[in-house]
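Chemist: make a model of this:
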Amino acid sequence: MATYPKFRHLTVERVEGIALITLPGSPVPDTEIHDSLYHELHDVWLPLSRDPEVEAVVVTGVGDQLLKRQLPETNQLMTQSALYDRALRMITAQQLVHQIVTFPKPFVAAVNGHGSEHFLYADVVVASETATFGDDHHVMDDLASGDGNPVMWPFLVGFARAKQVLLQGLRFDAQRALELGFVHEVVPQDKVREAGLAAARRLADLPKLPFLATKLSVNNWFRFASLLAMEPGSAYQAAGMGAERWTASHA
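Modeler: Residues are numbered from 1 along each chain as shown. Have a look, this model is predicted:
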């Protein structure tokens, strides 16, 4: 098995050929702007793709959350950083989307809380009965949405609903997400990890080359859309992190 870096925010283990990435149950304060969960999520995909003993990947969280909100200390660090450093942070978020949609192996999101936008790019999304989905932490928090949401939501729910999600903070519970088709299975909270691993095994057992070629062909729509939507949104989001109103509310 490949040797993985020691991550501060992530736990990576292998379960019968399936790599299980577990996000922390509580956020870890960033000591500097480039030492963050986003950077670790960016860095984990390459070694997993190269490890011949990893057949598929599952991402899940601890307890009742997939991805916790950032700590006030991290928000303060962002507000005090130079625009250039904030821009690099947003570039990392853009690269994370690219890493996920071009990942050659099956990827399953086992969502046990609020579904972060990055994990809705997964090949299969399994959600707990209490999971929720949406984007109420950008425009509603006085920031442009630039780290993947404008790319993804129009594909998942159509443009009209996507505007409600992005501009008005519309959220979906797990059952509604299942009805709309961007969640593939809803299970009790204590079964999310198990269901995610089972879904990953089903995908891993498919013919590998046809799976890869078809997956990448479909995900190219995300790659194309990211060129149109992510760069302007990311630029405005990075600039907004230093704006007086956002700084005052997140210091």
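
Chemist: run a quick neighbour tally on the closest residue to residue 200 other than its chain neighbours.
Modeler: Take residue 200 and drop its neighbours on the chain: the residue closest to it by C-beta to C-beta, 6 or more residues apart in numbering is residue 56, 4.0 Å away. (Each C-beta comes from the backbone N, C-alpha and C, glycine too.) Neighbourhood size, residue 56 [other C-beta atoms under 10 Å]: 26.

Chemist: residue 56 contacts residue 108, doesn't it?
Modeler: Yes - the criterion here is C-beta atoms under 8 Å, and residue 56 meets it with residue 108 at 6.9 Å.

Chemist: need the residues touching each of those two.
Modeler: Common neighbours of residue 56 and residue 108 are listed as 200, 203 (criterion: C-beta atoms under 8 Å, 6 or more residues apart in numbering).

Chemist: if we can go back for a sec, what's near enough to touch the residue nearest to residue 200?
Modeler: 17-19, 105-108, 200-201, 203-204.

Chemist: give me the distance between it and residue 238.
Modeler: Residue 56 sits 34 Å away from residue 238 when distances are taken as C-beta to C-beta, to the nearest Å.

Chemist: list the contacts of the helix or strand where residue 20 lies.
Modeler: Per DSSP states H and E, residue 20 falls inside strand 18-22. Contact with strand 18-22 is made by 10-14, 44, 48, 51, 54-62, 193, 197, 200-201, 204, as judged by C-beta under 8 Å, 6+ apart.

Chemist: could you redo the last one with a cut-off of 7 Å?
Modeler: With contact meaning C-beta atoms under 7 Å, 6 or more residues apart in numbering, strand 18-22 is reached by 10-13, 44, 48, 54-62, 197, 200-201.

Chemist: ok, then the element right after that strand?
Modeler: helix 37-43.

Chemist: so what's the gap between whichever helix or strand comes after that next one and the chain middle?
Modeler: Going down the chain from helix 37-43, the next helix or strand is helix 45-50, by DSSP H and E. In terms of C-alpha atoms, centre = their mean, to the nearest Å, the centre of helix 45-50 is set 17 Å apart from its chain centre.

Chemist: nearest residue to the middle of this structure?
Modeler: Nearest to the geometric centre of the chain sits residue 118, at 2.2 Å (C-alpha atoms, centre = their mean).

Chemist: can you give me the pLDDT of that one?
Modeler: Note for residue 118: predicted pLDDT of 77.

Chemist: before we move on, the earlier item: so which of the contacts of residue 56 sit within strands?
Modeler: 18-19, 107-108 (DSSP state E).

Chemist: including pLDDT, neighbour count and distance to residue 154, could the residues you listed go into JSON lines?
Modeler: Supplementary listing: the ones in strands among the contacts of residue 56 in JSON lines, determined by pLDDT from 0 to 100; neighbours: other C-beta atoms under 10 Å; distance: C-beta to C-beta, whole Å:
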{"residue": "18", "pLDDT": "97", "neighbour count": "23", "distance to residue 154": "31"}
{"residue": "19", "pLDDT": "96", "neighbour count": "25", "distance to residue 154": "30"}
{"residue": "107", "pLDDT": "98", "neighbour count": "25", "distance to residue 154": "21"}
{"residue": "108", "pLDDT": "98", "neighbour count": "30", "distance to residue 154": "23"}
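
Chemist: which one among those residues gets closest to residue 166?
Modeler: Checking those against residue 166 by C-beta to C-beta gives residue 107 as the nearest, at 23.7 Å.

Chemist: show me the contacts for the closest one.
Modeler: Contacts of residue 107 by C-beta under 7 Å, 6+ apart are 57, 100, 122-123.
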